[in-house]
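Trainee: Sequence unavailable; structure follows:
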């Protein structure tokens, strides 16, 4: 089990802490938040659930308590509000990271950093710049959640378990993300053929509907309940599980790429092998021409916001 620090005890941070405790992935969790009372209350509430799961510990703390942590998850930042895009949060969250990252660097220089604050691709680049850590040890939750949404909706349509589907969302964790249909498979059968075999064809209308539901899921959830919490907590838990077990799991995290789709020096979601050291390797699948074009546009979008964010750093 891992020693994990979580920066930000709001909906995402506290839900992730609960999931990590219930799954037995975290031995110890330290919750840190500017609102000390909120962090203490969330930690105490979660601690009361541990007798039903594992004999692990959680507490509210400060940055000095991060010494010897294996993984630090950063969820702190302004929350996306109805009508806002993730990129609308950029300037505010850069300032927050300028306070957070140097303290992490001081007390936990060997930790793996997982960024969940939005816009996650840009904030991952900001975290790498501010920390000076290896890009293999700083990455974002990326489109791990978007990929789960895609597989869930496909599973519902096809009548098969989403766990049996290999279909990915890549690029930006945001409006320009790309659903990759060309190499989606299940049971070694291409998803289009499987849909025909099951008499549940994937028409253009159905594909468009699935794309819309995946791309706009966060907006719908935020409009309904104010924030997304459970899905992203599950994604963060799954990433930490891959690290804890050194599983070499392939996940679509937002990783630093020197060049991708002819765009230089950005963090963007592509398949990466995740294990004890963080990112063990980066993978580059084959796509069709339209998907290449859409990924290039997504990369360009990320590049523009990343350049704007990095110029904000003092």
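Mentor: Ah, there it is. Nothing here was measured: the structure is a model prediction, and the numbers come from that model.
Trainee: The helix or strand hosting residue 156: which residues count as buried?
Mentor: In the assignment (DSSP states H and E), residue 156 maps to helix 144-158. By neighbour count on 16 or more other C-beta atoms under 10 Å, the buried set for helix 144-158 is 144-155, 157-158. No exception for glycine: its C-beta is placed from N, CA and C like everyone else's.
Trainee: Nearest to residue 189 among the residues you listed?
Mentor: Distance to residue 189, by C-beta to C-beta, is smallest for residue 158 among the buried residues of helix 144-158, at 10.7 Å.
Trainee: thought residue 251 was touching residue 271?
Mentor: Yes: under the criterion of C-beta atoms under 8 Å, residue 251 makes contact with residue 271 at 7.2 Å.
Trainee: The two: who's more crowded?
Mentor: Applying other C-beta atoms under 10 Å to residue 251 and residue 271 shows that residue 251 carries more neighbours, namely 23 against 18.
Trainee: Next up, the contacts around that one.
Mentor: 142, 144, 238-239, 242, 271-272, 274 (C-beta atoms under 8 Å, 6 or more residues apart in numbering).
Trainee: Of those - the most surrounded one?
Mentor: For the contacts of residue 251, the largest number of neighbours (other C-beta under 10 Å) sits with residue 142, at 32 neighbours.
Trainee: Quickly note the distance from residue 171 to residue 300.
Mentor: Taking C-beta to C-beta, to the nearest Å as the measure, residue 171 falls 10 Å from residue 300.
Trainee: now swap in residue 50 and tell me
Mentor: 46 Å.
Trainee: Residue 171 and residue 300: who's more crowded?
Mentor: Using other C-beta under 10 Å as the criterion, residue 171 and residue 300 rank with residue 171 on top: 30 against 15.
Trainee: host element of the nearest residue to the more buried one once chain neighbours are set aside?
Mentor: Nearest non-adjacent residue to residue 171, counting by C-beta to C-beta, 6 or more residues apart in numbering: residue 298, 3.4 Å away. In the assignment (DSSP H and E), residue 298 maps to helix 289-312.
Trainee: Which other helices and strands does that helix contact?
Mentor: Under the contact criterion of 3 or more C-beta pairs under 8 Å, 6 or more residues apart in numbering; DSSP states H and E, helix 289-312 touches helix 90-107, helix 120-131, strand 178-186, strand 263-269.
Trainee: Let's have these in JSON lines, adding mean neighbour count, distance to residue 199 and mean pLDDT.
Mentor: Below are the helices and strands packed on helix 289-312 laid out as JSON lines (neighbours: other C-beta atoms under 10 Å; distance: least, C-beta to C-beta, whole Å; pLDDT from 0 to 100):
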{"stretch": "helix 90-107", "mean neighbour count": "18", "distance to residue 199": "46", "mean pLDDT": "92"}
{"stretch": "helix 120-131", "mean neighbour count": "26", "distance to residue 199": "38", "mean pLDDT": "96"}
{"stretch": "strand 178-186", "mean neighbour count": "20", "distance to residue 199": "15", "mean pLDDT": "96"}
{"stretch": "strand 263-269", "mean neighbour count": "24", "distance to residue 199": "33", "mean pLDDT": "96"}
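Trainee: circling back: buried sites along the helix holding residue 298?
Mentor: 291, 294-299, 301-303, 305-306, 309.
Trainee: same check, this time on stretch 12-31
Mentor: Here stretch 12-31 shows 12-23, 25-31 as buried, counting by 16+ other C-beta under 10 Å.
Trainee: what bits of this protein have low per-residue confidence?
Mentor: Where the chain drops to pLDDT under 70, the residues are 78-88.
Trainee: Can you give me the domain assignment for it?
Mentor: Under the assignment automatic domain parsing, the domains of the chain span 2-140, 144-312.
Trainee: Reformat the buried residues of helix 289-312 into CSV and put distance to residue 266 next to each item.
Mentor: Below are the buried residues of helix 289-312 laid out as CSV (distance: C-beta to C-beta, whole Å):
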residue, distance to residue 266
291, 18
294, 15
295, 12
296, 12
297, 13
298, 10
299, 6
301, 10
302, 5
303, 5
305, 9
306, 6
309, 11
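Trainee: And the residue nearest the centre of the chain, how close does it get to residue 65?
Mentor: Centroid check for the chain by C-alpha atoms, centre = their mean gives residue 141 as the closest residue, at 1.6 Å. As defined by C-beta to C-beta, residue 141 lies at a distance of 23 Å from residue 65.
Trainee: Same check on residue 196?
Mentor: Distance, residue 196 to residue 65, using C-beta to C-beta: 56 Å.
Trainee: Which of the two has more residues huddled nearby?
Mentor: residue 65 (17 against 13).
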